[in-house]
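Q: sequence first, predicted model second:
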Amino acid sequence: MPKGYLCLVLHAHLPYIRHPEHEYFLEEKWLYEAITETYIPLIQVLDRLSEESVKFRLTMSLSPTLLSMLTDHLLQERYVRHLARLIELAEKEVQRTRWSPFHEVAVMYRDRFRQVMSVFCDRYGRNLVNAFKKLQDTNNLEIITCAATHGYLPLMMLHPQAVRAQIKVALDLHTRHLGRRPAGIWLPECGYTPGLDAILKEFNLKYFFTDSHGLLYASHRPRYGIFAPVYCPPGVAAFGRDIESSKQVWSAREGYPGDFDYREFYRDIGFELDFEYVKPYIHPDGIRTHTGIKYYRITGKTDHKEPYVFRRAEEKAAIHAGNFMFNRQHQARYLSGLMDRPPVIVAPYDAELFGHWWFEGPRWLDYLFRKIAFNQDTIETITPGEYLQYFPCNQVVQPCASSWGNKGYHEVWLCNANDWLYRHLHMAAGRMIELAGRFPQAHELQRRALNQAARELLLAQSSDWAFIMSTGTMVDYAVKRSKTHLHNFLSLYEEINGNRIDEDRLGRLEYTNNIFPGLDYRCYREQPAKEAVTS
């Protein structure tokens with residue numbers, strides 16, 4: 001038995017952004033960039049490890065909104081067109097930089113983009129969910145779910161049935177795409193409040209994650225702190241984030257991604273080259289955007305930047321992987337002397353950190369898994385489900401209300417920039433529960449309208465809109481999305497109540513906001529917990 005276990009968790013999530021009414025929509029690029037820079041590079045790393053029989057375990061949440069976008073034919077087709085333009089630009093860059101210090105990096109981008117196209121189209125038929133499912137079926141990857149639209153659950157507890165709907169819709173979609181029910185859940189933004197655990201238990205979920213202080217400031221301090229899971233009173237396990245391993249990667253000052261040899265994210269040719277040259281590859285309205293082609297390394301803390309040298313960055317990724325493993329080994333050796341079981345070090349990160357923000361992140365993971373498998377015998381990687389199987393007896397405590405993010409107690413998602421939103425979300429949730437109770441059965445047109453009302457409410461509840469308002473980026477878009485979905489819900493509510501459903505308008509909403517095609521509005525019916533789980 002090893003001295004300790006490392007539980008790496010990647011939370012993969014993007015808000016549901018699909019605008020068929022526009023040929024080009026700026027925010028859809030969030031998905032395209034994540035596919036190119038994060039999801040496919042991660043798949044390539046994990047596929048290679050699996051094919052070479054490298055022992056590794058990774059936990060990954062795929063949010064229902066992300067699953068829905070990855071399986072949407074319109075977005076798949078648009079992504080292929082986006083990537084084809086990117087390959088065309090990269091080929092031009094290979095020629096333009098031929099006698100410059102950037103030529104080798106330009107060739108690297110061209111080759112990477114071609115590989116991405118091959119993985120996306122040829123290997124996985126444009127559906128990356130198939131890639132994650134294959135890794136799940138080899139037991140290297142434990143895939144967990146999230147709330148349906150990443151709703152911030154602690155602030156939805158005024159209507160517990162709305163929380164149940166977020167979870168039930170997520171479980172149904174997850175099972176349909178991945179072939180099995182998830183054992184655990186990533187609570188959006190690690191947002192927890194007492195009472196949520198009882199709802200998770202209703203749906204037979206085995207575990208969730210909190211930030212460190214969620215366990216450390218529990219009803220009484222856990223004997224093993226954050227290095228063993230605890231059971232909440234209803235019987236669901238909670239795993240706490242390790243502070244040290246998070247700091248080594250996340251910290252703006254001390255984290256690995258800030259190393260001066262790594263690629264500089266903010267220097268992109270979409271903003272730097274002649275406008276007429278890049279115009280065909282940015283937004284058609286002339287808005288300069290990131291292309292993903294970046295030629296500089298971080299270099300230092302000033303605006304002066306030197307050319308990026310991929311080989312040096314690769315060497316640093318290997319060094320940093322070794323350093324991360326070394327520190328986890330020391331943690332495990334020390335903690336194992338204080339515990340009656342091997343400690344579990346939980347290291348959760350946003351998946352998009354790896355590749356998108358930290359270009360070398362997927363290679364760092366590759367090196368880390370290989371070093372843990374072959375270069376030592378102190379620690380092993382593990383998933384939460386496996387750890388609970390090995391060590392099913394754990395202390396019972398009540399975690400405290402908490403989140404991750406600034407200050408750790410919900411403030412990012414409830415502040416003066418977004419507090420106006422919640423009265424409307426609460427009102428809409430109450431009305432949706434009312435509709436579901438009043439129409440236990442509905443004729444075809446009513447049923448369609450009720451299902452679409454539920455979709456609009458779920459989309460309005462996304463925590464992403466409140467987060468964007470709080471951080472002050474793309475605020476107009478977040479406000480518009482919140483108001484649009486609430487307006488759509490209220491219009492449908494009035495039409496259903498007045499028995500005057502506008503079928504043409506309903507059809508347009510079903511086409512535009514087509515998430516969760518199998519959704520049944522009766523998930524909002526207040527009913528016994530046993531029935532809620534099996535319905």
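A: Noted; the coordinates are in hand.
Q: buried sites along stretch 184-203?
A: With burial defined by 16 or more other Cβ atoms under 10 Å, the residues of stretch 184-203 counted as buried are 184-193, 196-197, 199-203. Every C-beta, even on glycine, is put in place using the N, C-alpha and C of the backbone.
Q: what residues does stretch 260-268 touch?
A: 256, 290-300, 305, 308-309, 312-313, 315-316, 357-360 (Cβ atoms under 8 Å, 6 or more residues apart in numbering).
Q: helices - which of these land there?
A: Of the positions in the contacts of stretch 260-268, 312-313, 315-316 sit in helices, assigned by DSSP state H.
Q: distance of residue 494 from residue 52?
A: Residue 494 sits 59 Å away from residue 52, going by Cβ to Cβ, to the nearest Å.
Q: neighbour count: those two, which is higher?
A: residue 494 (12 against 9; other Cβ atoms under 10 Å).
Q: so which strand or helix has that one?
A: Using DSSP states H and E, the element containing residue 494 is helix 475-497.
Q: by contact count, what packs against that helix?
A: helix 420-438, helix 444-460, helix 463-471, helix 503-512 (3 or more Cβ pairs under 8 Å, 6 or more residues apart in numbering; DSSP states H and E).
Q: just put the ones you listed in a markdown table and tack on mean neighbour count and distance to residue 173.
A: Listed next are the helices and strands packed on helix 475-497 as a markdown table, based on neighbours: other Cβ atoms under 10 Å; distance: least, Cβ to Cβ, whole Å:
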| stretch | mean neighbour count | distance to residue 173 |
| --- | --- | --- |
| helix 420-438 | 18 | 18 |
| helix 444-460 | 22 | 11 |
| helix 463-471 | 23 | 18 |
| helix 503-512 | 14 | 17 |
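Q: mind putting these into TSV with mean pLDDT and distance to residue 163?
A: Below are the helices and strands packed on helix 475-497 laid out as TSV (pLDDT from 0 to 100; distance: least, Cβ to Cβ, whole Å):
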stretch	mean pLDDT	distance to residue 163
helix 420-438	97	9
helix 444-460	98	12
helix 463-471	96	13
helix 503-512	97	24
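Q: could those helices go into JSON lines alongside distance to residue 178?
A: Output for those, formatted as JSON lines (distance: least, Cβ to Cβ, whole Å):
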{"stretch": "helix 420-438", "distance to residue 178": "27"}
{"stretch": "helix 444-460", "distance to residue 178": "20"}
{"stretch": "helix 463-471", "distance to residue 178": "22"}
{"stretch": "helix 503-512", "distance to residue 178": "25"}
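Q: mind listing the strands for the stretch 101-250 of the chain?
A: With DSSP state E, counting those that start in this stretch, the ranges of strands along the stretch 101-250 of the chain come out as 141-146, 185-186, 207-210, 230-231, 237-240.
Q: and the ones you listed: which comes nearest residue 400?
A: For residue 400, the closest of the strands of the stretch 101-250 of the chain is strand 207-210, at 8.6 Å, according to Cβ to Cβ.
Q: give the buried residues for the closest one.
A: 207-210.
Q: out of these, the closest to residue 324 would be?
A: residue 209 (19.5 Å).
Q: how near is that closest one to residue 144?
A: Residue 209 sits 9 Å away from residue 144, going by Cβ to Cβ.
Q: mutual contacts of those two, please.
A: By the contact definition Cβ under 8 Å, 6+ apart, residue 209 and residue 144 are jointly contacted by 184, 186.
Q: if we can go back for a sec, select, out of the helices and strands packed on helix 475-497, the one closest to residue 410.
A: Among the helices and strands packed on helix 475-497, helix 463-471 sits nearest to residue 410 (Cβ to Cβ), with 10.1 Å.
Q: centre of the chain to the closest one, how far?
A: Counting by Cα atoms, centre = their mean, to the nearest Å, helix 463-471 is centred 15 Å from the centre of its parent chain.
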